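S.K.: One predicted model, sequence on top.
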Amino acid sequence: SSEGCTNTAVKGGVCVKHGAKQDRCCHEGCNNVIKEQGVCIKHGAQVKQCSSEGCTNNAVKGGVCVKHGAQVKQCSKEGCTNNARNGGV
């Protein structure tokens, strides 16, 4: 990660601002980031809601959002406080 950056690491230990490349939706003219099977949410990717009663957040892991107990790994780079996204970074 870039020193002093507080953005979430996306790929290769860096955020989008510092060079991480994200795959884009396969629909013509759409620049949204893909969620599943090559498409974004707008074009059909399904996103699960948190299973906690009354919560409208997206589920992260185990059917729940971070607020309701989903455990999210931290980046393994020394001094980085971002969430890990790919391979521990």
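M.R.: Noted; the coordinates are in hand. Numbers count the residues shown, from 1 in each chain.
S.K.: Low-confidence bits of the chain, can you list those?
M.R.: 1-2, 85-89 (pLDDT under 70).
S.K.: Not counting its own residues, what contacts stretch 28-45?
M.R.: 22, 23, 24, 25, 26, 27, 46, 47 (C-beta atoms under 8 Å, 6 or more residues apart in numbering). The way it works is simple: take the backbone N, C-alpha and C, and place the C-beta from them, glycine included.
S.K.: Count residues in the vicinity of the closest residue to residue 84 other than its chain neighbours, would you?
M.R.: Spatially, and ignoring its direct neighbours in sequence, residue 84 is nearest to residue 73 (4.2 Å; C-beta to C-beta, 6 or more residues apart in numbering). For residue 73, the count of nearby residues is 11 (other C-beta atoms under 10 Å).
S.K.: Distance of residue 73 relative to residue 29?
M.R.: Computed as C-beta to C-beta, to the nearest Å, the residue 73 to residue 29 distance reads 35 Å.
S.K.: Can you get me the start-to-end distance on stretch 58-69?
M.R.: 12 Å (C-alpha to C-alpha, to the nearest Å).
S.K.: Just the buried positions in that stretch, please.
M.R.: By neighbour count with 16 or more other C-beta atoms under 10 Å, stretch 58-69 contains the buried residues 59, 60, 64, 65, 68.
S.K.: Which of these fall within helices?
M.R.: Of those, none are assigned to helices by DSSP state H.
S.K.: got a winner among the contacts of stretch 28-45 for most neighbours?
M.R.: Most surrounded of the contacts of stretch 28-45: other C-beta under 10 Å gives residue 25, at 20 neighbours.
S.K.: Run a quick check on the residue nearest to residue 84 versus residue 83, I expect a contact.
M.R.: Yes - Residue 73 lies in contact with residue 83 (C-beta atoms under 8 Å); the separation is 6.9 Å.
S.K.: quick one, what contacts residue 55?
M.R.: So residue 55 contacts 49, 64, 65, 67, 68 (C-beta under 8 Å, 6+ apart).
S.K.: did I read that right, it in a helix?
M.R.: No - counting by DSSP: H, G, I helix; E, B strand; the rest coil, one finds residue 55 to be coil, located in no helix.
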